[in-house]
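1. From the sequence below, what's the structure:
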Amino acid sequence: SLSLRHLSPIGVTHLKIAVPLQTNLVVLTLIFAGLSGCKQDKQPPPKVEARSVHSHTDKTEATIVVPSFVAGKWKAVKIAVFDKSNVSQKTYTIPIGGKLAIRDSSMIIQVETFLPAFIMEGSTMTSASNDLKNPGVKVQITENGAVIFRGWLFSLFPNTHAFMHPKYGFALIAVVPVAK
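-> Next up, the predicted model:
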């Protein structure tokens, strides 16, 4: 129990208040933690070497493997280009390996690779089959000669790795097989 002195006009009286042992331990622990925190030595921040300025490691590009059962089976892709300023859409058919200038703009879309059943195994991007299970097309988009996007467009998951442009939106909407 704790003893408190209470001053009264008559004299000093002792007041005894019963406090559980757990409360005493909590109070003592808090006092000890506060005092021990005050005695910590200040250490200088670690020195950063000039070569470790970047917070992320350099990203190496994954390997793309087009399996033999896919190669030569697809002729072109259809990419929808959405003009956000006048709310319109134009669909372009672009041969795989080809490029096309977007009308009324300074942009060019180049189709690099198409995988009908896109999968990623470690750092290798490939196709699990020739069926359209997860169609993905790797494109490069340039504007005024500068590359502004190089990545994948997916028809089933159009928002995955979506390319953000202030005026245009892009989506893979269909593929064209090679005629048999």
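
2. Mind jotting down where the helices sit in the protein?
-> Using DSSP state H, the helices of the chain run over 21-38.

3. which residues does residue 75 contact?
-> 95-96, 176-179 (Cβ atoms under 8 Å, 6 or more residues apart in numbering). In this view, the C-beta of every residue, glycine as well, is placed from N, C-alpha and C.

4. Just confirm residue 74 contacts residue 114, I think it does.
-> Yes - between residue 74 and residue 114 there is a contact under Cβ atoms under 8 Å: 5.2 Å.

5. Looking at those two, which one has more neighbours?
-> Per other Cβ atoms under 10 Å, whichever of residue 74 and residue 114 has more neighbours is residue 114, with 24 against 21.

6. Distance check, the more buried one against residue 124.
-> Separation of residue 114 from residue 124 (Cβ to Cβ, to the nearest Å): 16 Å.

7. hmm, which two among the contacts of residue 75 are most spread apart?
-> 96 and 179 (14.3 Å; Cβ to Cβ).

8. The two: who's more crowded?
-> It is residue 96, of residue 96 and residue 179, that has more neighbours when counted by other Cβ under 10 Å, with 20 against 5.

9. where are the low-confidence patches of this structure?
-> Counting by pLDDT under 70, the chain contains low-confidence residues at 1-61.

10. quick one, strands of it?
-> Ranges of strands in the chain, per DSSP state E, are 2-7, 12-17, 63-64, 74-83, 88-95, 99-101, 107-115, 118-121, 124-127, 136-143, 146-154, 168-177.

11. which among the contacts of residue 75 gets closest to residue 149?
-> Among the contacts of residue 75, and counting by Cβ to Cβ, the member closest to residue 149 is residue 96, at 17.7 Å.
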